[in-house]
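>>> give me a model of this one.
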Amino acid sequence: MRRSLAWLLAALLFVAMPSLAPAQDIAAGDRTAIQSVIDRQIAAFRRDDGREAFSYAAPDLQAQLGSAEIFMGMVRTGYAPVYRPRSYQFRELKTIDGAITQQVHVVGPDGVARLALYFMQQQKDGSWRVSGCVLLDFEGDEA
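Numbering: from 1, shown residues only. Presented below is the predicted three-dimensional model:
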């Protein structure tokens, strides 16, 4: 069920690609904060610290999944490139259908490059959380 939901989200995202635009209205401090959240979440994945990794998920995502254990199970089985990346590099910050989206070039444990799209949500206190992630086949230079 969760895998079909991920595929549906990826298909919807593909349809939404024409409405992709640079996120120019995001302040430099917010860009740094967004990347810091993703860095800290990946570091928590590498340590298998589910509680910390789950803490970077947006409240709606936390409510949908219910627990750090379920979240980590989903990440281990469906998101190996961000769970155990060989390397990753931040790319552009975009707005996709109104959602602030951080593009991350990631090389997974299998050596295959992917483009991870992290959908970010700003909280009432100004902090940022991850509201979703989609992995796409990477097309582009290998920089």
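
>>> can I get the strand or helix carrying residue 120 in CSV? Just the C-alpha atoms.
Residue 120 belongs to strand 113-122 when assigned by DSSP states H and E. Only the C-alpha atoms of strand 113-122 are listed here, as CSV (Å, rounded to 0.1, in the frame of the first residue of the first chain):
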residue,chain,number,x,y,z
ALA,A,113,22.5,8.3,-8.8
ARG,A,114,19.0,9.5,-8.0
LEU,A,115,17.4,12.9,-7.6
ALA,A,116,15.7,13.2,-4.3
LEU,A,117,13.0,15.8,-4.1
TYR,A,118,12.5,16.9,-0.5
PHE,A,119,9.2,18.7,0.0
MET,A,120,9.6,21.1,2.9
GLN,A,121,7.1,22.7,5.2
GLN,A,122,7.7,25.8,7.3
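
>>> residues making contact with that strand?
13, 30, 34, 37-38, 58, 60, 81-82, 88, 91, 96, 99-108, 128-140, 142 (CB atoms under 8 Å, 6 or more residues apart in numbering). To be clear about C-beta, it is placed using only N, CA and C from the backbone, and glycine gets the same treatment.

>>> please compute how far that strand lies from its chain's middle.
3 Å (CA atoms, centre = their mean, to the nearest Å).

>>> can you check stretch 88-102 too?
9 Å.

>>> straight-line length of it, end to end?
One end of stretch 88-102 sits 12 Å from the other (CA to CA, to the nearest Å).
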